[in-house]
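Enquirer: Sequence first, then the predicted structure:
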Amino acid sequence: MSLYLILGLSLSLLVVFILLGVHIGVCLGFMSFIGIWLITGKFGVAISVLGTTAFQTLYYQTFAVIPLFILMGVFANLAGASANLYNLFNLLFGRLRGGLGMATVAANAVFAAVTGVSVASAAIFSKIALPQMLRFNYNKSFALGTVAGSSVLGMLIPPSILLIIYGMLSEEAIGKLFIAGIVPGIILSSIYMLGIMLIGYLRPQMVGITKGYVPPPMGHGGIGKVMIRSIGIVALIIITLGGIYAGVFTPTEASAVGALGALILVLINRRFTISGFWDALLETGYVSAAVFFLLISAQMYSRMLAVSGILITLTKFAAGLTIPPIAIIGIFIVIFIILGTILDSTSILLITMPLMLPIVHLLGFDLLWFGIVSIVAIELGLLTPPFGLVVYTVKAALGDEARLEEIFRGSFPFLLMMMIALAIIVKFPLLSTWLPNSML
């Protein structure tokens with residue numbers, strides 16, 4: 001059996017198995033094992049590569065950043081951070097046109113700096129923000145779209161799980177990737193908020209402005225209480241991310257400080273219970289184990305591609321093309337968007353990066369910039385039919401209160417806004433690279 005036939009079959013079966021619902025980690029690990037076995041013709045070699053990959057992938061203490069940041073997010077949610085943030089930004093924006101929608105975006109952006117997972121934000125703010133927007137006569141589909149659209153910020157604004165996985169695959173410093181996501185995250189959040197304000201003026205009925213309109217209340221429990229309740233979580237974010245930028249903490253140390261700080265917030269807010277603490281540890285363990293399993297499988301997949309020699313072939317092919325290098329990046333973006341309609345973000349990242357990164361490096365592009373571009377493009381898929389993961393998360397959180405078509409329809413303006421943000425990030429690489437490269 002020829003080398004290219006082996007690779008073609010393994011990649012085709014990989015996609016087929018994923019579409020059939022087989023876990024992405026199982027697919028990558030199994031097909032990589034079979035691929036190495038067939039390429040080398042030696043079963044023992046495949047077994048050896050599997051064992052060494054599992055050990056070497058998780059050998060370094062840097063990987064402690066994953067469970068610790070996940071634990072920080074779980075504790076912060078247990079402390080009531082999401083509701084406190086929403087009340088804070090309702091206080092700031094609530095009386096503007098589209099103010100509740102803008103508050104949802106802002107709260108999602110800040111909460112993203114704690115959770116790092118879009119689906120978590122989608123599930124939480126479906127329960128917190130949507131009832132308030134409906135209470136003040138927002139168009140239901142637009143309100144659903146605002147929750148879903150703003151939730152994708154969780155994968156771009158640090159500490160993002162996708163940024164961590166990209167760092168593992170690209171061997172870029174996770175701390176620099178975190179800092180690289182800050183400015184693009186602010187840009188996307190700002191475009192969302194400006195878009196909501198514009199919709200508020202062009203179609204005021206979408207944001208509840210009709211005859212007899214009553215502005216939303218300025219937060220719950222008074223201005224002073226809202227500010228005080230939000231100080232802790234804002235301070236925690238400043239300490240963890242600011243510590244990384246200032247060089248006080250490594251990302252691993254920052255994640256430990258963040259997890260401890262979030263636990264302190266739970267205690268201060270009197271939300272600590274033995275059962276809640278145990279559930280938080282269990283959730284952290286489940287999520288961390290899933291991420292580590294994916295990383296081991298992805299590294300196995302990368303080694304299979306390296307053994308095959310296909311990476312060298314693809315790199316030479318790309319170098320010989322007569323089209324501008326940026327056009328190749330454009331092709332990659334289109335691939336991300338197409339894959340986003342059928343696969344989840346993590347699967348896309350694990351499948352494509354081992355093939356794309358050598359080409360991007362050869363073409364001379366900054367891998368920090370490409371990581372941000374890739375994640376924004378992949379995140380488009382979270383809102384794209386037929387398998388937009390965030391859309392299905394909102395649906396699952398609300399049950400019969402919302403229909404899928406309503407959520408997809410309401411998400412469409414945010415999909416367009418994400419495309420605008422992506423174009424800006426592609427056009428101006430310094431937006432992604434200046435801040436991390438200025439770190440000492």
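Expert: Here it is on my side, so go on. Numbering: from 1, shown residues only.
Enquirer: so where's the stretch 1-150 of the chain uncertain?
Expert: Within the stretch 1-150 of the chain, the segments meeting pLDDT under 70 span 1-4, 6-7, 18-19, 24, 56-62, 116-117, 119.
Enquirer: in it, which spans are helices?
Expert: According to DSSP state H, counting those that start in this stretch, the stretch 1-150 of the chain carries its helices in the segments 3-19, 24-40, 43-57, 65-78, 81-93, 99-115, 118-135, 140-151.
Enquirer: Give me the residues contacting the second one.
Expert: This means helix 24-40. Applying Cβ atoms under 8 Å, 6 or more residues apart in numbering, the contact partners of helix 24-40 are 1, 3, 6-7, 10-11, 13-14, 17-18, 43, 45-46, 49-50, 290, 293-294, 296-298, 300-301, 303-304, 307-308, 344, 346-347, 350-351. In this view, the C-beta of every residue, glycine as well, is placed from N, C-alpha and C.
Enquirer: try 7 Å this time
Expert: Applying Cβ atoms under 7 Å, 6 or more residues apart in numbering, the contact partners of helix 24-40 are 1, 3, 6, 10, 13-14, 17-18, 43, 45-46, 49-50, 293-294, 297-298, 300-301, 304, 307-308, 346-347, 350.
Enquirer: how about a markdown table for the helices of the stretch 1-150 of the chain, with distance to Gly261 and mean neighbour count added?
Expert: Conversion of these to a markdown table gives the following (distance: least, Cβ to Cβ, whole Å; neighbours: other Cβ atoms under 10 Å):
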| stretch | distance to Gly261 | mean neighbour count |
| --- | --- | --- |
| helix 3-19 | 38 | 15 |
| helix 24-40 | 31 | 21 |
| helix 43-57 | 29 | 15 |
| helix 65-78 | 8 | 26 |
| helix 81-93 | 11 | 24 |
| helix 99-115 | 10 | 28 |
| helix 118-135 | 18 | 21 |
| helix 140-151 | 24 | 29 |
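Enquirer: Which of those helices sits closest to Arg229?
Expert: Nearest to Arg229 among those is helix 81-93 (4.4 Å), distances taken as Cβ to Cβ.
Enquirer: what kind of secondary structure is Pro159 in?
Expert: When classified by DSSP: H, G, I helix; E, B strand; the rest coil, Pro159 comes out as coil.
Enquirer: burial of it, as a residue count?
Expert: 32 (other Cβ atoms under 10 Å).
Enquirer: I'd guessed it sits against Phe178; true?
Expert: Yes. Applying Cβ atoms under 7 Å, one finds Pro159 in contact with Phe178, separated by 6.0 Å.
Enquirer: doesn't Phe370 fall inside a strand?
Expert: No. Residue state for Phe370 (three-state DSSP) corresponds to helix; a strand is not indicated.
Enquirer: quick one: pLDDT of the residue lying closest to it once chain neighbours are set aside?
Expert: The spatially closest residue to Phe370, leaving aside those adjacent along the chain, is Val360, at 5.0 Å (Cβ to Cβ, 6 or more residues apart in numbering). Model confidence at Val360, expressed as pLDDT, equals 90.
Enquirer: element containing Val360?
Expert: helix 345-362 (DSSP states H and E).
Enquirer: before we move on, back to that, quick one: closest of the helices of the stretch 1-150 of the chain to Phe277.
Expert: Ranking the helices of the stretch 1-150 of the chain by proximity to Phe277 (Cβ to Cβ) places helix 65-78 first, at 8.3 Å.
Enquirer: how big is the angle separating that closest one from helix 81-93?
Expert: Here the directions of helix 65-78 and helix 81-93 differ by 70 degrees (axes from the mean of the first three to the mean of the last three Cα atoms, to 10 degrees).
Enquirer: tell me what helix 65-78 is packed against?
Expert: If contacts are counted by 3 or more Cβ pairs under 7 Å, 6 or more residues apart in numbering; DSSP states H and E, helix 65-78 sits against helix 99-115, helix 251-268, helix 274-308.
Enquirer: looking at the ones you listed, which is buried most?
Expert: Among the helices and strands packed on helix 65-78, judged by mean count of other Cβ atoms under 10 Å, the one packed with the most neighbours on average is helix 99-115 (a mean of 28).
Enquirer: Now do that one: everything it contacts.
Expert: Contacts to helix 99-115, defined as Cβ under 7 Å, 6+ apart, come from residues 72-73, 76, 81-82, 85-86, 89-90, 93-94, 96, 121, 125, 129, 132-133, 136, 138, 146-147, 150-151, 153-154, 157-158, 185, 189, 192-193, 196-197, 207, 216, 233, 237, 241.
Enquirer: do stretch 166-174 as well
Expert: Counting contacts by Cβ under 7 Å, 6+ apart, the residues outside stretch 166-174 that touch it are 62, 65, 164, 177, 251, 295, 298, 349, 353-354, 357, 367-368, 371, 375.
Enquirer: Quick one: end-to-end distance for that stretch.
Expert: The first and final residues of stretch 166-174 sit 9 Å from each other (Cα to Cα, to the nearest Å).
Enquirer: List the buried residues in it.
Expert: For stretch 166-174, a neighbour-count test (16 or more other Cβ atoms under 10 Å) marks 166-170, 172-174 as buried.
Enquirer: if we can go back for a sec, confidence-wise, which of the contacts of stretch 166-174 comes last?
Expert: The weakest per-residue confidence within these falls on Thr62 (67).
Enquirer: one step back: farthest-apart pair in the contacts of stretch 166-174, please.
Expert: Using Cβ to Cβ, the contacts of stretch 166-174 span at most 22.8 Å, a distance reached by Pro251 and Pro354.
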